[in-house]
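Enquirer: just to be clear, the model below is a prediction. Sequence and coordinates:
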Amino acid sequence: MSTHDRRNREQRLLAAACLSCGFGALAYALVTYSDFIHDDAYITLRYARHWLEGHGPVWNPGERVEGYTSFLMLALVTALGASGLDLVVAARLVSFLSLVALVLYLCSFLRTRTRLEGQSELAAAISLMAVVGSFPLAIWVWSGMEGPLFALLCTAGLGTTIDLLEHPAAWRRAFAAGLALGLAVLARPDGALFLGCAGLALASRIPARGPAVRQLVIFALTATAVILPHLLWRFGYYGAWLPNSVVAKTTGLPGVLTEQGLSYVAGFLTMPPFNSLLGLGALVLALRQAPRDRGLYLLAAATIVYLALVASVGGDYMPAARFLMPLIPLFGLLSFRGLTVALHSASRRSASFVVVAAAGLLALQPAYFPKQEIIDPAEVVGSIVGRHIAGKWAPGTRVALHTAGSTPYFAPSYVYIDMLGLNDAHIARRSVERVRSRWQLLPGHAKGDGRYVIERDPDIIIAGPAAGTRIDDGWFASDFELAALPEFHERYRLRVESIDSSITFTYYERVRRPAPN
């Protein structure tokens, strides 16, 4: 056997070991965190249920407010629900299939480069291992939210755009890139950032190549054909150009959240298996080898600008890097570029060391993501409270609360007032300058309006967390403002109930009005 054949055989064995480690880590994470689901997922599921029941995509029948973030996720879950599938199962199925499609796309993308362009199979295997074995991908599969779907569309869209930048291609590839990134905008509005980066990258080729103009036009028209009809429908149906949830989470917020956002990004950069740091380091190495590589600049711009966007809105409070998880595959593509350069002339010992080190970084994750911390208390307690109150009060009872997902989903026959504003257009547009508790520092939890809540005359008010608390021990803006209103103390009385040995349900019930004479 020649030295070249022996080297290729050794690289294939190392690549097989990488893939075994990556998929082994994925299987472990999928099993370990299979109980995780987030409270916000139930917001979308309540919209889906009402849509299936004929009320339209609304949180409360008759109230048109876009409190969900992902129209595409809502549409897919509703379609599966129409076939009789349980909505929670449907949401998880969409995310799981999105993860499968993401892995298949990455395999295809990397395989093409190793076979047709002679790039390193080992570099591809290490990069794929780092992405597939990242626990956040598996954790958010079970959450019921749109993260894996968004990651798939952004990765496929940017990857196909890189193909366009690197090689002359037929119009079909420009169509595919525009379609994927247009759908990414429907999956999350911040997908517009990736769409914009891809469009600018394609536009940068126009002075050099004639076909580039046609490809850019096809790309732009395809994305527009996906986005514009939904945008017009949104404005016609909800009366707003942006989802109400986006307005609530990104506008009128106290400046202290920016500093918090920087800490969130820093935590992501130092999170095992360190895909982001490896990707940024690989970017520097690859640019030294190919300083005019537009694909590298596209990946760099997309990841860095998105990090800046997330920092500017205060980051996120959910576990396992929910907001930044979609960047993990992009950092994997950057790592592939850098590793291809680094492993080009590496010795067998050096290559083996890189593989062992990468596998070791994956092994750090169970300690960094302990199962007992990958949980949403609002979902756990809110689900119990929702089942407890379902049927307890008359249908149509008006309930003001902060846990807008699980409790309304499991007690569907009531009308709810979302005191954090995700599903309330008035509260979402209120500016908040003062933060009175640490709970308001959680992104999406800063807003409220006690006067507005009392004017809507709810029958029940659940202050603070899912199980409620006394108004004097309030958590959020509406709690503090309600406590200061004489009308609240005149109209409502405290009720405390024990649901089980561990949960005390605290709420305020409106004093019955005297019957007319």
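Expert: Nice, thanks for sending it over.

Enquirer: skipping adjacent residues, who's closest to the most centrally placed residue in the chain in space?
Expert: What sits nearest the mean C-alpha location of the chain, by Cα atoms, centre = their mean, is residue 147, with 3.7 Å. Residue nearest to residue 147 in three dimensions, not counting chain neighbours: residue 140, with 4.1 Å by Cβ to Cβ, 6 or more residues apart in numbering. In short, each C-beta sits where N, CA and C put it, glycine included.

Enquirer: mind listing what the one you found touches?
Expert: Going by Cβ atoms under 8 Å, 6 or more residues apart in numbering, residue 140 touches 95, 147-148, 320, 322, 325.

Enquirer: angles on the backbone of it, please.
Expert: The phi and psi torsions at residue 140 (degrees, to the nearest 10) take the values phi -80, psi -10.

Enquirer: do you know the pLDDT at it?
Expert: If you check residue 140, the pLDDT there is 96.

Enquirer: who does the strand or helix carrying residue 416 pair up with?
Expert: Element membership for residue 416, per DSSP states H and E: strand 415-418. On the basis of DSSP bridges, the sheet neighbours of strand 415-418 come out as strand 398-401 (parallel).

Enquirer: how far is the strand it pairs with from where the chain is centred?
Expert: 27 Å (Cα atoms, centre = their mean, to the nearest Å).

Enquirer: contacts for the helix or strand that comes right after that strand, please.
Expert: As assigned by DSSP H and E, the chain's next helix or strand after strand 398-401 is helix 406-410. Residues outside helix 406-410 that contact it (Cβ under 8 Å, 6+ apart): 39, 42-43, 45-46, 49, 59, 378-379, 382-383, 385-387, 389-390, 399, 401, 414, 416, 462, 466.

Enquirer: go again using 10 Å as the cut-off
Expert: 37-46, 48-49, 59-60, 87-88, 376, 378-390, 399, 401, 414-416, 418, 423, 462, 466-467 (Cβ atoms under 10 Å, 6 or more residues apart in numbering).

Enquirer: drop anything exposed from the residues you listed.
Expert: 37-46, 48-49, 59-60, 87-88, 376, 378-386, 388-389, 399, 401, 414-416, 418, 423, 462, 466-467 (16 or more other Cβ atoms under 10 Å).

Enquirer: mind listing what residue 328 touches?
Expert: Residue 328 neighbours (Cβ under 10 Å, 6+ apart): 102, 130-132, 134-137, 151, 155, 268, 271, 273, 275-276, 279, 321.

Enquirer: about what we covered before: now, which of the contacts of helix 406-410 lie within strands?
Expert: 399, 401, 415-416, 418 (DSSP state E).

Enquirer: closest one of these to residue 32?
Expert: Proximity of the ones in strands among the contacts of helix 406-410 to residue 32, judged by Cβ to Cβ, is greatest for residue 401, which lies at 31.4 Å.

Enquirer: helices of the stretch 101-250 of the chain, start to end?
Expert: 121-132, 135-141, 147-166, 171-187, 191-203, 211-238, 244-250 (DSSP state H, counting those that start in this stretch).

Enquirer: scratch that, the stretch 301-450 of the chain is what I was asking about
Expert: Going by DSSP H, counting those that start in this stretch, the stretch 301-450 of the chain shows helices at 328-342, 348-363, 365-368, 377-389, 406-410, 425-428, 450-455.

Enquirer: in the last one, what counts as buried?
Expert: What it means is helix 450-455. 450, 452-454.

Enquirer: TSV for these, including pLDDT and distance to residue 247?
Expert: Supplementary listing: the buried residues of helix 450-455 in TSV, determined by pLDDT from 0 to 100; distance: Cβ to Cβ, whole Å:
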residue	pLDDT	distance to residue 247
450	96	20
452	97	16
453	97	18
454	96	23
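
Enquirer: state the mean pLDDT of stretch 52-70.
Expert: pLDDT averaged over stretch 52-70 gives 96.

Enquirer: send the alpha carbons of that stretch over as CSV?
Expert: Written as CSV, here are the backbone C-alpha positions of stretch 52-70 (Å, rounded to 0.1, in the frame of the first residue of the first chain):
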residue,chain,number,x,y,z
LEU,A,52,-58.5,24.5,13.4
GLU,A,53,-61.7,25.4,15.3
GLY,A,54,-62.5,28.0,12.7
HIS,A,55,-61.7,31.1,14.8
GLY,A,56,-58.7,31.9,12.7
PRO,A,57,-55.0,32.2,13.9
VAL,A,58,-55.9,34.1,17.1
TRP,A,59,-55.0,33.8,20.8
ASN,A,60,-58.5,34.8,21.9
PRO,A,61,-61.4,34.3,19.5
GLY,A,62,-62.4,37.7,18.1
GLU,A,63,-59.1,39.4,19.0
ARG,A,64,-56.6,39.7,16.1
VAL,A,65,-53.2,40.0,17.6
GLU,A,66,-50.1,38.2,16.2
GLY,A,67,-48.5,36.9,19.5
TYR,A,68,-46.6,34.0,17.9
THR,A,69,-43.2,34.6,16.3
SER,A,70,-43.1,31.9,13.6
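
Enquirer: thank you kindly, that will do.
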